[in-house]
Structure formats: structure tokens, C-alpha cells
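J.: turn this into a structure:
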Amino acid sequence: MIEIPLWRLGLSLIPILLVGWISFRWGGGAGNLSVATGRMVLQLFVIGYVLSFLFVMQNPWVTLGVVSFMILISAWISIRTIKEQRWASYRDALLAIGVGGGLVYMLVIFGVIAVEPWYEPKYAISLSGMVFANAMTAVTLSAERFDSELRSGKSVVHARNTSWNAALIPQINSFLAVGLVSLPGIMTGQVIAGADPMEAVRYQIMVMSMVMGSAGFAVAIFLMRRTHSTVATSQ
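T.: Numbers count the residues shown, from 1 in each chain. Reported below is the predicted structural model:
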């Protein structure tokens, strides 16, 4: 792989600065983008050091701890757009992401790649990040749309159905574009690292299926919980 020195890495932040300027002019500020960018850079450097340490460990409890931490944090981030009943929403999101993403995660770890041992950090931690991050984003979209539809006076069923369709737009778009418009991250990374392109394609199909499954299951569970609680509250 071609090593990227820090000064060249800094060049990659130029587009973000331009987007921040547009946000300042059009959106009334660039605070959220500035905070998000700072956190992105800091968190990635920190996780780089952490993963270097974790990858040399072969401890199932450490792997389970890291995966559990990811689920807890992703559930909290997923409800950031919800202003009311946050703890109840967090419980719903935690269940949705933990169960919906967890089922897909176990299928991949134990069935598709069948890694030995199952807690091999290189696979168990890396793949869990993809699963739960995508479930988190999908739950965020569904939560925001569900509340928006209810505030506009739509029925609970209409809000649920609309939220379901909206939450899966990113995944469906990525399915339609893959191979034509985009070469996804894991495939690009493997090819750059020297892997056989056809083997990289197999991994990418696994990842795309994993992403859609985890997002769909998490959103379905979350919306079922939200629909039930909304109906129960209105009665």
C-alpha cells in the first residue's frame, strides 16, 4: 500500500473546509460539521492505535466487550434526533440494533466466513463496525421520519410505512450503484492491498447483504416498537 504522510492527508480535508463554508453561508453555521469532523479525525486515530493493540489479543471477552460497546454507543447516537421520551427511545433503539444487527452479525461470523476462532479481532471487530454502524444510520432515519410524519398529522401506520421506505433509501441506492458508480470501501481496500479482485467481489457481496439485512431488521424492530408504544399512548 502507498503510505500517506500527514501533510498529504491534510489535503483530503480541503473539501470538508469548502463544505463547511457553504454550511456557514446557507445553513447559518458550520458548528455541527466542525464538531463532527474533529471527532471523526480524533476517533479514527484513536481507534487505529486501539485496533493495533486488540488485533494481537485472542480473548473472547475482549471482543465481546468491544462489540457490546459498539451496540451501546450506536443505539445512543441513533436517537439523537428524538427530543421526547429519549430513554424509552434508547431502549427501543438498543433492542433494534442489538437484535437486528446481532442476528446478521452471527450469521456472517459463524456461517458465511466461519472464522476460527470466532472472536478473531480482525474479523469479529471489523465486521461488527460495519453491521452496527449501518443499523444505527437506518434507525436514525426511521426515527426522524416517523416523528415527522406523526407531527404532520399522519396515521401511525402511514408513518411506519413511510419511515420504512425512507430508512432503506441509502442501502437501495448503494445496491443500484455498486460496480457502476462506486467501488465500495472493503473491495477497494482489498484490491489496493493486492487481493484478487474476484475474491474481493465475494467479500463485497457479503458486506452488502450484511448491511441491508442489519439495517432492515433493525428498522423493522424499531418501528414495531415505536408503533406499539404510540398506539398504546394514544388509547
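
J.: quick one: neighbours of Val41, just the number.
T.: 13 (other CB atoms under 10 Å). Yep, even glycine has a C-beta here, placed from its N, CA and C like the rest.

J.: please name the nearest non-neighbouring residue to it.
T.: The shortest distance from Val41 to any non-neighbouring residue, by CB to CB, 6 or more residues apart in numbering, is to Leu13 (8.0 Å).

J.: that neighbour against Gly38, yeah?
T.: No - in this structure, Leu13 is not within contact of Gly38 by CB atoms under 8 Å, at 10.7 Å.

J.: these two: who's more crowded?
T.: Each of Leu13 and Gly38 has its neighbours counted (other CB under 10 Å); Leu13 has more, 13 against 10.

J.: how much space separates that one from Asn32?
T.: 16 Å (CB to CB, to the nearest Å).

J.: just Glu199 next, same as before
T.: 39 Å.

J.: could you chop this structure up by domain?
T.: 1-54, 59-234 (automatic domain parsing).

J.: which of the ones you listed sits most buried?
T.: Comparing these by mean neighbour count (mean count of other CB atoms under 10 Å), domain 59-234 comes out on top with a mean of 17.

J.: quick check: the spatially most central residue of the chain vs Gly48, distance?
T.: For the chain, the residue nearest the mean C-alpha position is Ala133 (1.8 Å; CA atoms, centre = their mean). Distance from Ala133 to Gly48, counting by CB to CB: 16 Å.

J.: over to Trp26?
T.: Trp26 is 34 Å from Gly48, by CB to CB.

J.: by mean pLDDT, point me to the weakest helix or strand of this protein.
T.: helix 185-192 (a mean of 67; mean pLDDT, DSSP states H and E).

J.: and the nearest residue to Tyr90 once chain neighbours are set aside, what does it touch?
T.: Once flanking residues are discounted, Tyr90 sits nearest to Ile79: 5.5 Å by CB to CB, 6+ apart. Contacts for Ile79 (CB atoms under 8 Å, 6 or more residues apart in numbering) come out as Arg86, Ser89, Tyr90, Ala93, Val139, Thr140, Ala143.

J.: which one of those residues is nearest Leu42?
T.: Thr140 (21.4 Å; CB to CB).

J.: can you confirm the closest one is in a helix?
T.: Yes - applying DSSP: H, G, I helix; E, B strand; the rest coil, one finds Thr140 inside a helix.

J.: which strands and helices sit next to the biggest helix by length in the chain?
T.: Longest helix in the chain by number of residues, with DSSP state H as the criterion: helix 197-234. Counting contacts by 3 or more CB pairs under 8 Å, 6 or more residues apart in numbering; DSSP states H and E, helix 197-234 is packed against helix 86-95, helix 102-106, helix 121-151, helix 156-167, helix 169-177, helix 185-192.

J.: tilt between that helix and helix 86-95?
T.: Relative orientation of helix 197-234 versus helix 86-95 (axes from the mean of the first three to the mean of the last three CA atoms, to 10 degrees): 140 degrees.

J.: so how far is helix 197-234 from its chain's centroid?
T.: Here helix 197-234 is found 10 Å from its chain centre; the criterion is CA atoms, centre = their mean, to the nearest Å.
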